[in-house]
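> give the three-dimensional model of this entry:
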Amino acid sequence: MNNTQTELKVVIGAGEYHNNPGWLHTQEEDLNLLDETTWQNMFEESSISVLLAEHVWEHLTYEEGLQATRICMKYLKRSGYIRCAVPDGYFPDETYQSIVQIGGPGPEDHPAASHKIVYNYKLLTELFEAAGFEVRLLEYCDESGQFHQNNWDGADGVIFRSKKFDPRNQGERLAAPSLIIDAFKRGNE
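As a prediction, the model looks like this:
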């Protein structure tokens, strides 16, 4: 099936979250970040306006993540973007870091058990820039654990696990933040 809508917006690895009505929600068996044939079966190159991946990239090694960003680049329109959220390696909370660590806690069927990398804002930015994207940080902690939030709009892609939308993160204390970026395909790519 080739999808040629004007504004094609795709959620990668949607899981049980359907926070973006009107977007195409996909699972790994539909759209595999590392298997370009799944992309070819669904989309034309340069046909997608926005990709959204909430807590997906940490399930890939750095090298797989780079491969995935390059595939995404091929299928994004000029000036399209990926909104990507991952656990934040600089969030200063021992319990949180225990949960998001490589291999994660608990049984093998726990989602965190398949974490292969823990990103901080520098490493995630480096990854997407290596694939040719321009990166804008939306929510992140710096090296000292200080939380930063730049203005962003949920109409451009809701990330539930964020300061902006997750009820656990309302008020003064963050409980479960994400490192969130927008990675833009340059207009000349």
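
> just checking: what are the partner strands of the longest strand along the chain?
With secondary structure taken from DSSP state E, the chain has its longest strand at strand 76-86. Strand 76-86 has the following strand partners under DSSP bridges: strand 48-54 (parallel), strand 179-185 (antiparallel).

> among those strands, which is the most enclosed?
Mean neighbours per residue, mean count of other C-beta atoms under 10 Å, is largest over the strands paired with strand 76-86 for strand 179-185, with a mean of 24. Glycine gets a C-beta too; all of them are placed from N, C-alpha and C.

> hmm, who's touching the longest strand of the chain?
Outside strand 76-86, the residues that touch it by C-beta atoms under 8 Å, 6 or more residues apart in numbering are 46-58, 69, 72, 119, 124, 128, 133, 138, 156-157, 159, 161-162, 178-189.

> which SS state does Ser162 fall under?
Per DSSP: H, G, I helix; E, B strand; the rest coil, the local secondary structure of Ser162 is coil.

> please read the previous query as pertaining to Ile99.
Classification of Ile99 using three-state DSSP returns helix.

> quick one on the thing from earlier: looking at the strands paired with strand 76-86, which is closest to Gln27?
Gln27 lies closest to strand 48-54 among those, at 12.3 Å (C-beta to C-beta).

> looking at the closest one now, give me its mean pLDDT.
Regarding strand 48-54, the rounded mean pLDDT is 97.

> any idea how far it is from the chain center?
8 Å (C-alpha atoms, centre = their mean, to the nearest Å).

> mind listing the strands for the chain?
Counting by DSSP E, the strands of the chain are 9-12, 24-25, 48-54, 76-86, 133-141, 147-149, 179-185.
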